[in-house]
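Trainee: what follows is a predicted protein model with its sequence.
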Amino acid sequence: MTARHPYRAGLFLLLFIPALCFAQGRTFEATIREMADGITRTIPAHTSISLDLGTLEASEHLLATVRQAMESELARRGVAVVRKPNAGLDVRMTLARGLRGLLLIAEIPTPGTRSVIIALLSEESSATGRPQPAKKVELSAQLLIERNEPILDALIMEQEILVLGPAKVSVYTRDGLSRGSKEIPIEPVGTMPRDPRGRILADQAGAITLLLPRSRCTGTTAQGFACFPSEELWPLTQDGRLRARIVPGRNHFEAASVDLRPPEPIRSFFSAVRVGEGPGAILMVEGTEGSTRIYDAALLEKGASSLFGTHLTQIASQCGPIFLQVREEETESLLEVIEVKDQQPVPIGDPVRFQTVTAIWPSAGTKAVVVCRNNASGRFALYLVEIACAEVPDAAAR
Amino acid sequence: MRPPDRTSSLAPRRSGEDDGLSGGRASARRRASAPWIALCGAFLVFLFPIVEASSRPVYGGKLRVQMRSTLGEFNPAVPAVPGDAKSALLPLVFEGLVGTDEGGTVVPKLAVEWRIGQGGQRLSFRLRTNVRFHDGSMMNEASVLESLRTLDARYQMEARNAEVVFTAGDGSAGDLLRQLASPRWAVTRATGPATAAGTGPFSLAGFEPGKRIVLRAFEGYWGGRPFVDELEIRMGRSERDQMIDLQLNRADLIDIPATDARRVGSGIRLPVSEPVDLIAIVFRNRRASDEPLVRAINHSVDRASIHQIIAQRQGSPTGALLPQWLTGYAFLFTGSRDLSLARRLSSSVPRRTGGLTLGYPSSDGFLKSVAERLTLDLREAGLEARTVALPAPPGSTAPDGVLTRIRLTADAAGSLEVISTLLDQPAKLPDRGSALDNPQDLFEGEAGILASWRVVPLLHLPVSFGLSERVGYTRLQDVFRFGQWRFEDIWVQPTPATGGTP
């Protein structure tokens, strides 16, 4: 495979060094060490080198870190790194990104040849888009868990977090992020929808119920869960006074029940909130057609509005009836606290920015769990959102 | 070993004291040194956020797709060219025991796990439960055996302990795992003399060769029913007709050549994939003595001008087979022009009567333009050349080189395999499993193919789609990043609601 090149003096042939086994799981330091070994093996003994380090993709900070680490490792192997005019060899090193990750590439000229060493360089994974701190402390979000598997709902307990996924319940301790200590597989009835939704609920005795399309699963994290066919209504509020029936194999609901009354059929919807009490109460549902429909206390449709966002969620609060909704922007989801006045949304306070929100469910007290997906990495993040009512401006002043 | 004249001129940003520059000059060099990559990256970054859709998936409706390609048959048993329209569409209907993800990793499909035993002689699969064929029958070990038994006589198949077991006497069972991801090894159930049911997210509801495919959502799909109820694909539609239909709301998704993307009117959503098409001159029939000629052609080509003018700055010029976004090392293979070197090389090549011939597929206007431009570049290097539309008339001599468009996938080693097969050039290719973790192997495999001088890479081009306002998807990169057609993950929005208060 050698190609002669009679026309240009000083050009190099590529000489491949025996493949180095750089795996993605290898640490940054190990990769640097092995790359330094490779360079040391390739250059003639007692040769000083210059290190021309460049990057196509990585940050200047990483570049500096690599330079420092590489110079240190080469020095340990007796290879002097000097300025270019004084070097016996000019080694070019490049940080470049491929689909599999960041590559560290060394091009080493040797007489009549050029050797290339390529290695995958591990780097810190970038964090999912954390919400920016709100300007006012009305809505706060705490990142609890990040992981690759979808998160449908979560139960926040004192010591643990139980996370419901499409095929398992994961138990996380609360002393750190992403530390799953136990996983309990579940076998829901039938196939899961492409965009699955689910709920995880606990009663006061500690028994846990999982609600999934077509299934109800009961049990404990110690003994596992048994699933049965079920069309049970799902609670949409923490007090369970508003419930809805999900359509099997879909991601939307088709019937709602208020105050434990028998469910009434309602055109398909994704989420719903109840505004007010008694005969004047209204039900607002996020319809699958893109508008928010308004129903009276008898669940008769009264109109629609296009001014609401998505993921309407009722949150218990000390400062009157307030709700969460999501507004989609080009690349972000804005989580807003709203009041409903004259059947229209009135945002209060500043929104919190997330990447794409995939689920919101009310949690204990004045909290809600919010799941979002990082559009770049595809990872899912679980946040605990809390509304600090004391900071909400005086309602009378608005 | 690699020929020297493919080494990089696409210099990366350099930092530190050794670059011989200081302060602002060094910074300027860093900024300006990788223009192609910067251009490509900027374009993708610019387009992607605009079309990012993130609203909640909606079930139902019909997705109306149009494409330029045509399919004469839709049979998984008939081999397809990786990357072509048939390869992209078959997995919507037919699935195998395993598949590959966008990165080329083997992933479970109809089998949930597998293991290789007995020194590579045995490959065992445990099947997924509750999988149904489109005709409603259950998939089980017997139906898998029935479907796959005749495909390759080298492997003995049997059902054993609720597993499907393949045995190969020559220890090649491990290689079979990759083959099984091909649509050709889909698990099907015969429903008639010439019809078969698959297990994929859609069932085939209608097929008019060369004109139309209708797919219907399969309610019982193990991976979750697709969002849309029906998928209608109209084939053989010209770019102009597709654009008109999109604008008149008669189509939801059309394929637009990336090179036409800038000519598309505003208001059209236009996701652009990574550059997945390799444009190259392929010299399948070259003789050993032709090497200086091919090298002269390589150095005479003005890739930057082709990229800027003909490709409308889409994608990037390249001297590599696999693109930079995929491997990370493509910049090591230069694509720069060296006219003086090209002239020296061409002067050593015996003149041919009638000059060189460069073929191009008559159906590909872009490749025709590139071929015509190449004749000018070659003339500057002292090489006379003319273009030939292909297929050429019967009896005519095969062209020296053929302008070729090769669809690559995110499976880097698999893409090298496709190129190697196309060149009829057995190359030392990395094992696909090892290549995932060892870029050195991949680099050596690619360098080996280039060193054969049977191919001169020119450009990497993206593919693009035009979308109507109705089309929704979760993450753009899941659906469009690699030019794939994951129609099961696309939904159509109902007509947007109008009005404010009730």
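Mentor: Nice, thanks for sending it over. Numbers count the residues shown, from 1 in each chain, chains lettered A, B, ... in the order given.
Trainee: what is the mean pLDDT for stretch B:300-308?
Mentor: The predicted model assigns stretch B:300-308 a mean pLDDT of 94.
Trainee: output that stretch as CSV, nothing but the C-alphas.
Mentor: Extracted in CSV, the C-alpha atoms of stretch B:300-308 (Å, rounded to 0.1, in the frame of the first residue of the first chain):
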residue,chain,number,x,y,z
SER,B,300,-6.7,18.9,-10.0
VAL,B,301,-10.1,19.0,-8.5
ASP,B,302,-11.2,22.4,-7.1
ARG,B,303,-13.4,21.0,-4.4
ALA,B,304,-13.9,24.4,-2.8
SER,B,305,-15.4,25.9,-5.9
ILE,B,306,-17.7,22.9,-6.5
HIS,B,307,-18.8,23.2,-2.9
GLN,B,308,-19.4,27.0,-3.2
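Trainee: SS state for residue B:175?
Mentor: At residue B:175 the chain is in helix, as set by DSSP: H, G, I helix; E, B strand; the rest coil.
Trainee: list the contacts for the residue in the stretch 251-400 of chain B positioned nearest to chain A?
Mentor: Closest approach between the stretch 251-400 of chain B and chain A, counting by CB to the nearest CB: residue B:328, at 2.8 Å. Every residue, glycine included, has its C-beta placed from N, CA and C. Going by CB atoms under 8 Å, 6 or more residues apart in numbering or on different chains, residue B:328 touches A:57, A:96, A:97, A:98, A:99, A:100, A:101, A:102, A:103, A:105, A:118, B:439.
Trainee: how much space between the last one and chain A?
Mentor: Between residue B:439 and chain A the computed distance is 4 Å (CB to the nearest CB, to the nearest Å).
Trainee: check which helix or strand covers the residue nearest to that residue when sequence neighbours are not counted.
Mentor: Leaving aside its chain neighbours, residue B:439 sits nearest to residue A:118 (4.5 Å; criterion: CB to CB, 6 or more residues apart in numbering or on different chains). When elements are assigned from DSSP states H and E, residue A:118 belongs to strand A:113-121.
Trainee: quick one: average pLDDT of stretch B:282-297?
Mentor: 86.
Trainee: residues making contact with that stretch?
Mentor: A:3, B:3, B:5, B:281, B:342-343, B:345-346, B:348-349, B:356, B:374, B:378, B:381, B:383, B:398, B:400-404, B:422-424, B:453-456.
Trainee: any stretches of the stretch 51-200 of chain B with poor pLDDT?
Mentor: When residues are selected by pLDDT under 70, those of the stretch 51-200 of chain B lie in B:51-55, B:82-83, B:102-104, B:171, B:174.
Trainee: can you check chain A too?
Mentor: Counting by pLDDT under 70, chain A contains low-confidence ranges at A:1-26, A:58, A:123-138, A:175-180, A:319, A:389-398.
Trainee: so which residue of it comes closest to chain B?
Mentor: For chain A, CB to the nearest CB, closest residue to chain B: residue A:303, 2.0 Å.
Trainee: sec struct for that residue, please.
Mentor: Counting by three-state DSSP, the backbone at residue A:303 sits in strand.
Trainee: equivalent analysis for residue B:299, please.
Mentor: helix.
Trainee: is it in contact with residue B:380, as I believe?
Mentor: No - counting by CB atoms under 8 Å, residue B:299 stays clear of residue B:380, with 10.9 Å between them.
Trainee: how many residues are close by residue B:114?
Mentor: 18 (other CB atoms under 10 Å in any protein chain shown).
Trainee: check contacts around it.
Mentor: Per CB under 8 Å, 6+ apart, neighbours of residue B:114: B:97, B:98, B:123, B:124, B:125, B:126, B:177.
Trainee: picking up where we left off before, common neighbours of residue B:299 and residue B:380, please.
Mentor: Common neighbours of residue B:299 and residue B:380, using CB under 8 Å, 6+ apart, are residue B:339.
Trainee: so between those two, which is more surrounded?
Mentor: residue B:299 (25 against 13).
Trainee: excluding its backbone neighbours, what's nearest that one?
Mentor: residue B:342 (3.8 Å).
Trainee: and the one helix or strand the one you found maps to, C-alpha only, in CSV?
Mentor: Per DSSP H and E, residue B:342 falls inside helix B:339-347. The C-alpha coordinates for helix B:339-347 follow below in CSV (Å, rounded to 0.1, in the frame of the first residue of the first chain):
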residue,chain,number,x,y,z
LEU,B,339,-2.4,22.1,-9.6
SER,B,340,1.3,22.0,-10.1
LEU,B,341,1.5,18.5,-8.7
ALA,B,342,-1.5,17.5,-10.8
ARG,B,343,0.3,18.8,-13.9
ARG,B,344,3.4,16.9,-13.1
LEU,B,345,1.4,13.7,-12.5
SER,B,346,-0.6,14.2,-15.7
SER,B,347,2.5,14.7,-17.8
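Trainee: roughly how far is it from the heart of the chain?
Mentor: Between the centre of helix B:339-347 and the centre of its chain there are 34 Å (CA atoms, centre = their mean, to the nearest Å).
Trainee: what helices or strands is that helix leaning on?
Mentor: Applying 3 or more CB pairs under 8 Å, 6 or more residues apart in numbering or on different chains; DSSP states H and E, one finds that helix B:339-347 contacts helix B:291-300.
Trainee: can you give the domain ranges for the chain?
Mentor: Let's take chain A. Recorded structural domains for chain A (assignment: automatic domain parsing) are A:13-121, A:139-397.
Trainee: if you could check chain B rather than the one you did, that'd help
Mentor: B:4-9+B:33-40+B:274-462, B:61-91+B:200-252+B:468-497, B:94-191.
Trainee: distance to residue A:122 for those domains - can I get that in TSV?
Mentor: Converted to TSV, those look like this (distance: least, CB to CB, whole Å):
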stretch	distance to residue A:122
domain B:4-9+B:33-40+B:274-462	12
domain B:61-91+B:200-252+B:468-497	22
domain B:94-191	17
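Trainee: A strand includes residue A:239, no?
Mentor: No - counting by three-state DSSP, one finds residue A:239 to be coil, located in no strand.
Trainee: and which of the contacts of residue B:328 is nearest residue A:144?
Mentor: residue A:101 (26.7 Å; CB to CB).
Trainee: beta partners for that closest one?
Mentor: residue A:98 (DSSP bridges).
Trainee: so it is in contact with residue A:95, correct?
Mentor: No - Residue A:101 is beyond contact range of residue A:95, at 10.9 Å (criterion: CB under 8 Å).
Trainee: what's the overlap in contacts for the two?
Mentor: residue A:121.
Trainee: so which of those two has more stuff around it?
Mentor: Neighbour tally, residue A:101 and residue A:95, criterion other CB under 10 Å: the higher count belongs to residue A:95, 24 against 13.
Trainee: which strands or helices does the helix or strand hosting that one pack on?
Mentor: Element membership for residue A:95 (DSSP H and E) is strand A:89-98. On a contact count with 3+ CB pairs under 8 Å, 6+ apart, strand A:89-98 meets strand A:49-55, helix A:60-76, strand A:101-110, helix B:324-327.
Trainee: picking up where we left off before, can you lay out the contacts of residue B:114 as TSV showing secondary structure, distance to chain A and neighbour count?
Mentor: As requested, the contacts of residue B:114 are exported to TSV (DSSP: H, G, I helix; E, B strand; the rest coil; distance: CB to the nearest CB, whole Å; neighbours: other CB atoms under 10 Å in any protein chain shown):
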residue	secondary structure	distance to chain A	neighbour count
B:97	coil	19	27
B:98	strand	19	21
B:123	strand	24	25
B:124	strand	22	19
B:125	strand	20	22
B:126	strand	15	17
B:177	helix	20	18
